[in-house]
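> Kindly generate the corresponding structure for this input.
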Amino acid sequence: MITNQDKLKRVPEFHPYSKMLPGAAVAILVVADPSRVKYEEELRQLWIQDCSAATQNILLAAHSLGLGAVWLAVYPDPSRQNGMRELFSIPEEMVPFSIISIGYPAEPKQAADRYDETRIHREIW
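Numbering: from 1, shown residues only. I've put the predicted structure just below:
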């Protein structure tokens, strides 16, 4: 969890889509430790799904509390990952995955309707 406003103000220096972070009440940085993966070699990338699920759960929890939250991708962009590592003193073997900006929204926004019936397949492709 990040509440240090000086650090949040520095993130847009290396993350071009994080302009809202300096105004956030808090941010959560999701970081993976690939050394803790317990599966055989072909499943070693499941940490990506784990971190995606954790990030989505944080977004849902924030929404349930009436907060606004934005998922900002860090992985797999090397400049964003290195920026996070440097700013937050994250060891090289750890993988910064996402940062979530959390706060009270300045204005209510309607959810975008992205439903496309042509992309739904039933029983067969």
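> where do the helices sit along the chain?
Counting by DSSP state H, the chain has helices at residues 5-10, 47-64, 78-88.
> got the contact list for the longest one?
Meaning helix 47-64. Helix 47-64 is contacted from outside by 28, 30, 32-34, 36-37, 68-69, 71, 75, 95, 97-98, 100, 102, using C-beta atoms under 8 Å, 6 or more residues apart in numbering. Any C-beta I mention is one placed from the backbone N, CA and C, and that applies to glycine too.
> which residue is nearest the middle of this protein?
Ser98 (2.8 Å; C-alpha atoms, centre = their mean).
> Show me where the chain dips below the pLDDT cut-off.
40-43 (pLDDT under 70).
> quick check: longest strand of the protein.
Identified as the longest strand of the chain according to DSSP state E is strand 95-103.
> could I have that one exported to PDB, CA atoms only?
Only the C-alpha atoms of strand 95-103 are listed here, as PDB (Å, rounded to 0.1, in the frame of the first residue of the first chain):
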ATOM      1  CA  VAL A  95       8.100  -8.600 -10.600                       C
ATOM      2  CA  PRO A  96       6.000  -5.400 -10.300                       C
ATOM      3  CA  PHE A  97       2.800  -6.400 -12.000                       C
ATOM      4  CA  SER A  98       0.200  -3.600 -11.600                       C
ATOM      5  CA  ILE A  99      -0.500  -0.500  -9.500                       C
ATOM      6  CA  ILE A 100      -4.100   0.400  -8.600                       C
ATOM      7  CA  SER A 101      -5.000   4.000  -8.000                       C
ATOM      8  CA  ILE A 102      -7.700   4.200  -5.300                       C
ATOM      9  CA  GLY A 103      -9.700   7.300  -4.200                       C
END
